[in-house]
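In: What follows is a predicted structure for the sequence shown.
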Amino acid sequence: MKAIAVYDDGDEPVLIEKPRPEPTAGEALVRTLRVGVDGTDHEVIAGGHGGSPADDDHLVLGHEAVGVIEDPNDTPFEVGDLVVPTVRRSPNGANEYFARGEPDMAPEGYYHERGIVGAHGFMAEYFTSPAECLIEVPPELAEWGFLVEPASITEKALDHAAASRSAFRWNPESALVLGNGSLGLLTVAMLDAEFERVYCLGRRERPDVTIDVIESLGATYVNSNETPVPAVPGAYEPMDFIYEATGYAPHAFETIEALAPNGVGALLGVPGDWEFEIDGGRLHREFVLHNKALVGSVNSGYHHFEAAVDRLGGLDGSFLEDLVTGVYGLDEFEAAFVDDDTTIKTAVEFAEYEER
Ligand code: NAP
Ligand code: BGC
Ligand code: ZN
C-alpha cells in the first residue's frame, strides 16, 4: 500500500510503499479516507518535534484521520462504519494513564503519538487500531471527519479552562484566540456559540483569507502589528478566556496581561527553547490579585473526541468550505504540505467515501 512518510535524514514528505498492516486481536483494519495536515506536521517534518519509531528510519505522517472499517476482526464494528482514530498509544503494554482512560494526561515516556512520536501515523491507504481507540462518527462527517481530532484538542482546552473556574460563578462573555492558523480558526468557529464576543489575533495585513474567515464568522480580527496582546484590553476589552494557538512563547506571558479579572488562558502552542525577558513580579502580582489562571493543554481524551463530533456537526458548512483550502489525492500529495498565505487547512485524500 502507499503511505506518506518523512525519513530521519530527510526534510520533506515522500510517497513510499509499505505492506498493508494485519490487525491483531482487538484491532480493526481501517481504510483511510482523508488525513489532515496541521502546524504539528510541519514541525515534525522540519525535525523540531516528535520522531520515528525506535526500530525505523522513517515516520509515516498523519494524526488527523477519518476512515471506514474494512475488517472489524471480531471487534464491535461493522464493515463500512465511519471512524476517527485517537492519537496516543501506550508504548509498552498498558500504563495507569491508559488504564484510566486518560491517555492525554500521560507524561512523556508513557505514550507514543501516531504520526508524531514513536509510532507510524495514518497517512497510508490502510491502518490498524485497537477498537477502543476508534471513535465512530456519523456518515455526514465523512468529508470533514479529519477535523474531529483538532476540534477535540479545543474541547479539551475548554474543559480544563472551565474546570479551573469551577469554584465560583464564572460567566464569560469575551474570548480571544491568538493565532489565525488552522487550529486558531477552527477554535474561533467553535467558540462562537459559547461567547458573546470572539476576537482572533494574527499578524497578517488585509487582504487575507484568514481575516475573511474570521469576519465571516462574525468575530473581530485583531492585527498584532497594531495591537500587541498586552494592548488588547485597552483597544478592545479585557478577555474572559484566551486560547493561545501561535506557539509564539511571549504570548504565554502576555496572555496574563490581556485577561480580565477571574479570566483563564489556555496555552496550546509548542515552541522550542526561547529565552526572553519578562517582568515576573508584575505578572505574578497580576495573576494573584486578579484570580487569573493559565492552563497548558495537550492532546485530548475520548470524551473530547465525542464532544468534537457533536460540535463539528453543528458548524456551518460554508465555514468548513472556507477553512479547508485544499484536499489533494495521492498524485498531488505534495500540495497538501504547502504552507503559504493562501493555505489554511489541507488534507490528503486516500479514498472517497461510499456509503454502504
Ligand atoms: P499554524 O497553522 O502554524 O498556525 C499558527 C498561527 O499563528 C499562524 O497563522 C501564524 O501566523 C500565527 N502566529 C505565529 N506567531 C505569531 C505572532 N507572533 N503574532 C501573531 N500571530 C502569530 O499551526 P496550527 O496547526 O494552527 O497550531 C497552532 C499551534 O498549536 C502550533 O504551535 C501547534 O504546534 C500547536 N498545537 C498544539 C496542540 C496541542 O495538543 N497542544 C494541538 C495542535 C496544535 P502566520 O500564518 O501569519 O505566520
Ligand atoms: C496533536 C496532538 C498532540 C500534540 C503534541 C498536536 O498537533 O493534535 O494530538 O498531542 O500535537 O504532539
Ligand atoms: Zn494536531
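Out: That came through, no problem. Ligands and ions are numbered 1, 2, ... in the order given.
In: And the helices in the stretch 101-250 of the chain?
Out: Applying DSSP state H, counting those that start in this stretch to the stretch 101-250 of the chain gives helices spanning 148-164, 182-191, 209-216, 232-235, 250-258.
In: Can you tell me which of these is packed in deepest?
Out: Neighbour counts (mean count of other C-beta atoms under 10 Å) averaged over each of those peak at helix 182-191, with a mean of 26. For glycine as for every other residue, the C-beta is placed from the backbone atoms N, C-alpha and C.
In: relative to helix 148-164, how tilted is it?
Out: With axes from the mean of the first three to the mean of the last three C-alpha atoms, to 10 degrees applied, the angle from helix 182-191 to helix 148-164 works out at 60 degrees.
In: So in the chain, which strand runs the longest?
Out: Criterion DSSP state E: the longest strand present in the chain is strand 27-37.
In: Is any residue of it near ligand 2?
Out: No - Strand 27-37 stays clear of ligand 2 (C-beta under 6 Å from any ligand atom), getting no nearer than 9.4 Å.
In: Quick one: name the residues of the protein near ligand 1.
Out: 38-40, 43, 153, 179-184, 201-204, 224, 245-248, 268-270, 297-299.
In: Show me which residues of this protein sit near ligand 3.
Out: Counting by C-beta under 5 Å from the ion, the chain comes close to ligand 3 at 38, 40.
In: and if we set it to 8 Å?
Out: The chain comes close to ligand 3 at residues 36, 38-41, 63-64, 87, 116, 149-150, 153, 183, as judged by C-beta under 8 Å from the ion.
In: would you turn the residues you listed into JSON lines with distance to residue 30 and pLDDT?
Out: Formatted as JSON lines, these follow (distance: C-beta to C-beta, whole Å; pLDDT from 0 to 100):
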{"residue": "36", "distance to residue 30": "16", "pLDDT": "98"}
{"residue": "38", "distance to residue 30": "20", "pLDDT": "97"}
{"residue": "39", "distance to residue 30": "25", "pLDDT": "96"}
{"residue": "40", "distance to residue 30": "21", "pLDDT": "97"}
{"residue": "41", "distance to residue 30": "19", "pLDDT": "98"}
{"residue": "63", "distance to residue 30": "14", "pLDDT": "98"}
{"residue": "64", "distance to residue 30": "14", "pLDDT": "99"}
{"residue": "87", "distance to residue 30": "14", "pLDDT": "98"}
{"residue": "116", "distance to residue 30": "18", "pLDDT": "98"}
{"residue": "149", "distance to residue 30": "14", "pLDDT": "99"}
{"residue": "150", "distance to residue 30": "19", "pLDDT": "98"}
{"residue": "153", "distance to residue 30": "21", "pLDDT": "98"}
{"residue": "183", "distance to residue 30": "24", "pLDDT": "98"}
